[in-house]
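# sharing a sequence plus its predicted fold:
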Amino acid sequence: MHQPATSPPAAKPIEPGAPKPAVALPRRRKSRRRRYILIGIGALLLLWIVGAIIASKREKPIPVITEKATKRTIVQLVSATGKVQPETEVKISPEVAGEIIELPVIDGAEVKKGDLLVKVKPDTYKALLEQQEAAISSAKATNLQQKATMMKTEQDLKRADDMYAKKTISIQEYNTAQAAYDVAKNTYESSLHEIERAQAGSSQARDQLSKTTIYSPIDGTVTLLNSKLGERVVATNQFAGTEVMRVADLSHMEARVDVNENDVVNVKVGDKASVKVDAYGDRKFHGTVYQIANTGTTTGAGTQEEVTNFQVKIRIDDHDVLLRPGLSCTADIETDVVKDVVAVPMQAVTIRTGDSNL
């Protein structure tokens with residue numbers, strides 16, 4: 001049985017002035033797109049955080065250089081700094097006190113062995129010598145007198161001995177003569193010692209007088225002059241004495257450097273060294289280690305900066321340049337040499353830990 005076809009109901013006419021119905025589909029699409037964008041941003045942020053955490057756990061790459069390994073000669077060096085000083089330097093200090101009346105040298109003057117360097121006023125020491133000479137004369141005169149007395153008492157003793165043998169004098173008189181002789185003999189011997197004492201005093205006074213004049217003990221140069229003409233100096237037997245000047249042989253110089261206690265065990269007498277003096281730029285002087293200190297010098301004791309160094313003396317073999325005392329220098333001491341070994345530069349070597357991911 002067929003149902004009659006029905007036509008769709010006719011749309012209700014919209015009254016004039018009534019609001020239009022809202023369209024829902026475009027607004028839903030816009031909300032979904034915003035949600036996708038937020039999810040994408042969150043995922044990118046999460047990936048960035050995870051990547052940063054992984055990167056922080058990885059060992060940072062170490063930049064290195066590459067170079068072919070070749071056979072070379074490797075030299076182990078110990079570097080140290082110090083000063084250039086003459087091998088032979090003499091401090092001139094008078095052994096007697098007084099006023100300087102002669103000073104014929106100036107700072108930097110060349111002197112020969114035996115040249116006059118300084119003369120101290122000798123008047124006091126001349127008077128002392130004359131006094132001791134007079135004491136010798138007086139002691140000798142006393143000795144002659146005591147000798148005559150002894151000879152007289154000796155004769156009296158012999159006479160008393162004969163008379164006592166003949167029973168013409170008593171034992172008391174004989175003993176008196178014997179005692180007089182013994183006293184005279186002892187006095188005479190004492191006068192001999194007085195002569196020796198006066199002679200010793202004279203010798204000492206003469207020695208002091210000779211020390212008022214000081215001559216150069218070596219060929220060299222006056223490297224330091226502390227005193228001037230007319231000044232008074234103190235003798236070396238009185239405290240430290242006055243250092244008038246220094247004379248040094250500048251033809252033989254050395255570098256005195258301070259080597260750290262950790263490196264000095266590798267340094268040996270006879271090791272070759274290269275010495276760079278600051279005043280001469282990049283020029284290097286050849287030298288040889290000839291002395292190593294047995295006792296170290298500690299600076300900054302009891303602090304975090306405590307350092308112990310040992311002085312090493314390096315004889316400079318180059319003599320074509322006149323070096324001055326006190327110049328700053330840096331020495332590289334060759335402590336070991338290995339020839340024909342496969343080597344690469346230190347910049348091409350890296351150290352990685354066991355858990356490295358590189």
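Ah, there it is.

# average model confidence for the helix or strand harbouring residue 81?
Of the helices and strands defined by DSSP states H and E, residue 81 is found in strand 70-86. Here strand 70-86 scores 90 as its mean pLDDT.

# restrict that strand to CA atoms and write it as CSV.
The C-alpha atoms that make up strand 70-86 are tabulated as CSV, following Å, rounded to 0.1, in the frame of the first residue of the first chain:
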residue,chain,number,x,y,z
THR,A,70,107.0,12.4,14.2
LYS,A,71,110.4,11.5,15.7
ARG,A,72,111.8,14.3,17.7
THR,A,73,114.3,15.2,20.4
ILE,A,74,112.5,16.1,23.6
VAL,A,75,114.2,18.3,26.2
GLN,A,76,112.9,18.5,29.8
LEU,A,77,113.3,22.0,31.2
VAL,A,78,113.2,23.6,34.6
SER,A,79,112.6,27.3,34.5
ALA,A,80,113.6,29.8,37.3
THR,A,81,114.1,33.5,37.7
GLY,A,82,116.9,35.4,39.5
LYS,A,83,119.7,37.9,39.2
VAL,A,84,123.0,38.2,37.3
GLN,A,85,125.9,38.5,39.8
PRO,A,86,129.8,38.3,39.4
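
# in that strand, which residues are buried?
Residues of strand 70-86 classed as buried: 78, 80, 82, 84-86 (neighbour count, 16 or more other CB atoms under 10 Å). C-betas here are computed from N, CA, C, even on glycine.

# export these to JSON lines and tack on distance to residue 100?
Converted to JSON lines, these look like this (distance: CB to CB, whole Å):
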{"residue": "78", "distance to residue 100": "46"}
{"residue": "80", "distance to residue 100": "40"}
{"residue": "82", "distance to residue 100": "34"}
{"residue": "84", "distance to residue 100": "30"}
{"residue": "85", "distance to residue 100": "27"}
{"residue": "86", "distance to residue 100": "25"}
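
# now for those: which two are most distant?
Across these, the longest distance by CB to CB is 23.8 Å; it joins 78 and 86.

# now the helix or strand containing residue 183: how far from the chain's centre is it?
When secondary structure is defined by DSSP H and E, residue 183 falls within helix 171-210. In terms of CA atoms, centre = their mean, to the nearest Å, the centre of helix 171-210 is set 56 Å apart from its chain centre.

# please apply the same query to stretch 79-94.
Between the mean C-alpha point of stretch 79-94 and the mean C-alpha point of its chain there is a distance of 10 Å (CA atoms, centre = their mean).

# packing partners for the strand holding residue 81?
Where contact means 3 or more CB pairs under 8 Å, 6 or more residues apart in numbering; DSSP states H and E, strand 70-86 is packed against strand 253-260, strand 307-316, strand 328-343.

# elements contacting the host helix or strand of residue 32?
Taking DSSP H and E as the criterion, the element that holds residue 32 is helix 25-57. For helix 25-57, there is no helix or strand it packs on, judged by 3+ CB pairs under 8 Å, 6+ apart.

# average pLDDT for that helix?
If you average the per-residue pLDDT over helix 25-57, you get 76.

# for the lowest-mean-pLDDT helix or strand in the chain, buried residues please.
Among the helices and strands of the chain, helix 25-57 carries the lowest confidence by mean pLDDT, DSSP states H and E, at a mean of 76. Counting neighbours by 16+ other CB under 10 Å, one finds that helix 25-57 has no buried residues.

# got it, and stretch 305-312?
308-312.

# now swap in stretch 111-126 and tell me
Neighbour counts over stretch 111-126 (16+ other CB under 10 Å) mark 111, 117-122, 124-125 as buried.

# domains in this structure, by residue range?
Using automatic domain parsing, the domain ranges for the chain come out as 72-87+252-348, 88-121+212-251, 122-210.

# make CSV from these and add distance to residue 46 to it.
As requested, the domains of the chain are arranged in CSV below (distance: least, CB to CB, whole Å):
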stretch, distance to residue 46
domain 72-87+252-348, 41
domain 88-121+212-251, 79
domain 122-210, 101
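
# circling back: would you turn the buried residues of stretch 305-312 into a markdown table with pLDDT and distance to residue 221?
As requested, these are arranged in a markdown table below (pLDDT from 0 to 100; distance: CB to CB, whole Å):
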| residue | pLDDT | distance to residue 221 |
| --- | --- | --- |
| 308 | 93 | 34 |
| 309 | 95 | 29 |
| 310 | 96 | 29 |
| 311 | 96 | 24 |
| 312 | 96 | 25 |
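
# residue 140: which of those is nearest?
Nearest to residue 140 among the buried residues of stretch 305-312, counting by CB to CB, is residue 311 at 56.9 Å.

# list the contacts of the closest one.
Listed by CB atoms under 8 Å, 6 or more residues apart in numbering, the contact partners of residue 311 are 82, 256-259, 292-293, 297.

# TSV please, covering those and showing distance to residue 346.
As requested, these are arranged in TSV below (distance: CB to CB, whole Å):
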residue	distance to residue 346
82	26
256	30
257	24
258	25
259	22
292	28
293	31
297	31
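
# any weak-confidence spans in the protein?
1-30, 57-64, 238-239, 350-358 (pLDDT under 70).
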